[in-house]
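K.L.:
Need coordinates for the following:
(one chain, ligands or ions: 1)
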Amino acid sequence: PARATLIDGKAFSVDLVDRVAAAAARLEASQGVKPGLAVVIVGEDPASQIYVRNKGETTLRAGMRSDTHRLDETTTQDELLALIARLNADAGIHGVLVQLPLPKHIDSSVVLDAIDPDKDVDGFHVVNAGRLAVGLPGLVPCTPLGSLMLLKDQLGDLTGLNAVIVGRSNIVGKPMAQLLLGESCTVTIAHSRTRDLPALCRTADILVAAVGRPEMIKGDWIKPGATVIDVGINRVPSADPVKAAEGKTRVVGDVAFKEAVEIAGRITPVPGGVGPMTIACLLANTYSAACRSIGVEPEP
Ligand code: NDP
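P.N.:
Next up is the predicted model:
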């Protein structure tokens, strides 16, 4: 049988950033509003530092304003809340993102819910979760939004397809389920207490893996021809034992790619699949928030 088509999220995201940049330039030309994104990072977590730098660089490349606020590890919750209040009130800032994880002495749910829901470009505020659940316009979490864009680009109309999502986090699994329900899929959400996960996965026309366990989903869990979206980003020792001994690592998804690619119809690689879509959708959300802040409908 033919190998699965690889879903090129990298190429799609480059194109999406270009389209958002062009729309943002038109917004600035016609309304005098330049979309602005503020990213707040607390502490020195190396992975978070890389994410924040990438977000800032991509925002600038899209012709938008980018402010990065780097706070010391010892910043108090009240100090962080005061910064968020200032950003909420800043008319030049349309998106506010607090990089997670936060240091342990800060309650991230309090912080996330302090962001103005209309500037909550990560889509994590309870108001945006509620809007998504009841089908109102709002800001949708970037990773599931990007995954849905790839699915619609690949499959067109998703009506009636069986979708199985493995993972029920508020950041990925649950909003993914809401989005697919909105596309009239028949949606099942699986998690660590699900019984007979392999059999359930085999019912999926669309299988979304958002588990955080390297290569957990095996090839024979996949229905032949299914579309597989692998959200997982897991760092594991290099496949080369010599390099592994030197501490070299590689990134794998939640799906056993080598097996899955022989059975699926379409599949996102890791890296280069869902990952790059997340930042592109962050910019799309910032652009949408800027439009709505002046009562303009965002271009699609
Ligand atoms: P969480 O750890 O918050 O959630 C993981 C989910 O997987 C939970 O619902 C958990 O179930 C479920 N799970 C864990 N073990 C099993 C198992 N053995 N069988 C079935 N279900 C299981 O992770 P996130 O949702 O935040 O992230 C998931 C993955 O996606 C990670 O690899 C992360 O790195 C990646 N990610 C990638 C992004 C990107 O592409 N930019 C962005 C965000 C995340 P339970 O609820 O029962 O514990």
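
K.L.:
switch to C-alpha atoms for all contacts and neighbour counts from now on
P.N.:
Noted.

K.L.:
burial of V274, as a residue count?
P.N.:
By other C-alpha atoms under 10 Å, 29 other residues sit near V274.

K.L.:
just checking, it touches I229?
P.N.:
Yes: counting by C-alpha atoms under 8 Å, V274 touches I229, with 7.4 Å between them.

K.L.:
Spit out the residues that contact the two alike.
P.N.:
Residues within reach of V274 and of I229 at once, by C-alpha atoms under 8 Å, 6 or more residues apart in numbering, are S147, T268.

K.L.:
quick one: the residue in the stretch 1-150 of the chain that the ligand sits nearest to from G9, how far?
P.N.:
The minimum distance from the stretch 1-150 of the chain to the ligand, using C-alpha to the nearest ligand atom, falls at T143 (5.4 Å). The gap separating T143 from G9 is 12 Å, by C-alpha to C-alpha, to the nearest Å.

K.L.:
what do the two both touch?
P.N.:
Common neighbours of T143 and G9, using C-alpha under 8 Å, 6+ apart, are V274, G275, M277.

K.L.:
give me the element the last one is part of.
P.N.:
When elements are assigned from DSSP states H and E, M277 belongs to helix 275-293.

K.L.:
ditto for N88
P.N.:
Assigned by DSSP H and E, N88 falls within helix 77-89.

K.L.:
Give me the contacts around that helix.
P.N.:
Contact with helix 77-89 is made by A38, I93, V96, H105, I106, D107, V111, A114, I115, D116, K119, as judged by C-alpha under 8 Å, 6+ apart.

K.L.:
For the residue of the stretch 1-150 of the chain closest to the ligand, which residues are in contact?
P.N.:
Going by C-alpha under 8 Å, 6+ apart, T143 touches I171, V172, V231, V274, G275, M277, T278, C281.

K.L.:
could you redo the last one with a cut-off of 10 Å?
P.N.:
Contacts for T143 (C-alpha atoms under 10 Å, 6 or more residues apart in numbering) come out as 122, 149, 171-173, 175-176, 231, 274-282.

K.L.:
Validate this expectation: it resides in a helix.
P.N.:
Yes: assessed with DSSP: H, G, I helix; E, B strand; the rest coil, T143 lies in a helix.

K.L.:
That one and N170: what is the separation?
P.N.:
11 Å.

K.L.:
cool, P46 as well?
P.N.:
24 Å.

K.L.:
More neighbours: which of those two?
P.N.:
Neighbour count, other C-alpha under 10 Å: between P46 and N170, N170 has more, with 14 against 9.
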